[in-house]
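S.K.: coords please:
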Amino acid sequence: MTYVVTDACIKCKYTDCVEVCPVDCFYEGETMLVINPSECIDCGVCEPECPAEAILPDTEDGLEKWLELNTKFSAEWPNITQKKDPPEDADEHKGEEGKFEKFFTPEPGEGD
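M.R.: All right, here's what the predicted structure looks like:
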């Protein structure tokens, strides 16, 4: 098992999860974070820290797409290990539907 970041993170990109991760397995894209599944130790400390409820165990149904996306982009995006301020409009996008189609971009973020 591993944890994955889902589309609930897109345009919210809170980094509370990054701060508690003991193995630094988060990677930053322009509009969201992802977890490297091969680095994740399945401890689960990140899940309750996410204000957007975007982190889920990959054992939940329907997360295959997110496991693939996390695997792909964690190999391409820079590592992030320190908490940053979320985007100014993060709260406006919290809970919004259809964020992947509207806002996802494969562009990398800044990382640390």
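S.K.: strands along this protein, start to end?
M.R.: 3-5, 26-28, 33-35, 55-57 (DSSP state E).
S.K.: redo these as TSV? Include mean neighbour count and mean pLDDT.
M.R.: Quick note: C-beta positions are derived from backbone N, CA and C, even for glycine. Formatted as TSV, the strands of the chain follow (neighbours: other CB atoms under 10 Å; pLDDT from 0 to 100):
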stretch	mean neighbour count	mean pLDDT
strand 3-5	26	98
strand 26-28	25	98
strand 33-35	26	98
strand 55-57	18	97
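S.K.: could you export the ones you listed as a markdown table, including distance to E64?
M.R.: Formatted as a markdown table, these follow (distance: least, CB to CB, whole Å):
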| stretch | distance to E64 |
| --- | --- |
| strand 3-5 | 10 |
| strand 26-28 | 19 |
| strand 33-35 | 15 |
| strand 55-57 | 12 |
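S.K.: list the buried ones in stretch 34-53?
M.R.: For stretch 34-53, burial by neighbour count (16 or more other CB atoms under 10 Å) applies to 34-37, 40, 46, 49-50, 52.
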